[in-house]
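> Provided below for reference: sequence and predicted model.
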Amino acid sequence: MAALTRGGYAYADIDRLITATNANIVADLKKQPDQLGILGTVFDAKIIHVDMMTALAVARQYGDAALHQEMADLSMSTSAEPKAVERLTSGELGLLLSGSSLGLRKRGGRAGSNTQAAFESLAFIATKKDGLLNKAIGSGLKEVELINSFQTERELGSEYKYYSDLYCERTEGPIRLEMMWRKSTSRAEIANYVLSKLGNYGRAIGLLS
């Protein structure tokens, strides 16, 4: 993530994102150079990593009955996880939502085999019903008072209709979160995902044609 962002607040670095992938979205964006330069700052875009342990803890603690049924069907634990509060508030997402800088980001240790296997099951659920996982994230953020309320699949734009994974209301103003659920990924895939989302947002508000 640090290779695709700048500063302690994880702002998306458009130049780094562009050079990290050769996907079609890059060619499309380069056709509009004037808008391209301001794309990241217009949206105050940030790239945040939610680690496996946090994702699993949130799913167990804040997932609804539908998510827990999906997890149980894959023999996953759905027991309450009190550490979910600490993991949410002290992780990158919690720190940035609270207005804190991430400081120098460190590479995390390798997760154990049981954790990896459990997260792979969670990622499998996301391929079918990612809305259940996104709702759990929203419920967790509300429970620990990092947001006031949230909606899933909130519409954005009038020029081009687009729906955000999570729309979160805060005292400081609303934010929209897009979730990239993957059991494994690469810098190029992350860059492609972020640029695709920024492109969708740009078209939705009429910044990009």
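Received it, and whenever you're ready, just let me know what you need.

> Next SSE downstream of the helix or strand of the chain with the lowest mean pLDDT?
Across the helices and strands of the chain, the lowest-confidence element by mean pLDDT, DSSP states H and E is helix 33-36, at a mean of 72. Going down the chain from helix 33-36, the next helix or strand is helix 39-43, by DSSP states H and E.

> Just checking, which helix or strand succeeds that next one along the chain?
Beyond helix 39-43 toward the C-terminal end (DSSP H and E), the next one is helix 52-62.

> picking up where we left off before, okay, buried residues for the least confident helix or strand of the chain please.
Buried residues in helix 33-36, defined by neighbour count with 16 or more other C-beta atoms under 10 Å: L36. Placement of C-beta: from N, CA and C, glycine included.

> Specify the angle between the lengthiest helix in the chain and helix 52-62 in degrees.
In the chain, with assignment by DSSP state H, the single longest helix is helix 113-143. Here helix 113-143 runs at an angle of 60 degrees relative to helix 52-62 (axes from the mean of the first three to the mean of the last three C-alpha atoms, to 10 degrees).

> List the buried residues of helix 113-143.
Applying a neighbour-count criterion of 16+ other C-beta under 10 Å, the buried positions in helix 113-143 are 118-119, 121-123, 125-126, 130-142.

> Give me the contacts around stretch 74-92.
Contacts to stretch 74-92, defined as C-beta atoms under 8 Å, 6 or more residues apart in numbering, come from residues 10, 48-51, 53-54, 56-58, 60-63, 68, 71-72, 94-95, 98, 102, 105, 118, 121-122, 124-125, 140-141, 143-144, 146.

> Is it possible to mark the buried ones in those?
With burial judged by 16+ other C-beta under 10 Å, the buried subset of the contacts of stretch 74-92 is 10, 48-51, 53-54, 56-58, 60-63, 68, 71, 94-95, 102, 118, 121-122, 125, 140-141, 144, 146.

> how about low-confidence regions in this structure?
37, 40, 104-110, 158-159 (pLDDT under 70).

> The residue nearest to the spatial centre of it - nearest residue in space that isn't next to it in sequence?
Geometric centre of the chain, nearest residue: M179, 3.5 Å, by C-alpha atoms, centre = their mean. Nearest residue to M179, sequence neighbours excluded (C-beta to C-beta, 6 or more residues apart in numbering): D165, at 4.9 Å.

> residue contacts, the one you found?
Contacts for D165 (C-beta under 8 Å, 6+ apart) come out as D130, G131, N134, T152, E153, R176, L177, E178, M179.

> Now flag whichever of these is closest to V42.
Comparing the contacts of D165 against V42 with C-beta to C-beta places R176 closest, at 13.0 Å.

> and the closest one, bridged to which residues?
R176 forms beta bridges with Y167, as assigned by DSSP bridges.

> so how many other residues sit close to it?
Using other C-beta atoms under 10 Å, R176 has 18 other residues around it.

> That one touches C168, doesn't it?
Yes - shown here, R176 and C168 form a contact pair, counting by C-beta atoms under 8 Å, at 7.4 Å.

> ok, residues contacting the helix or strand containing G199?
Per DSSP H and E: G199 is located in helix 187-204. Contact with helix 187-204 is made by 1, 3-4, 12, 16-18, 20-23, 25-26, 28-29, 35, 39-40, 42-43, 45, 47, 156-162, 178, 180, 182, 208-209, as judged by C-beta under 8 Å, 6+ apart.
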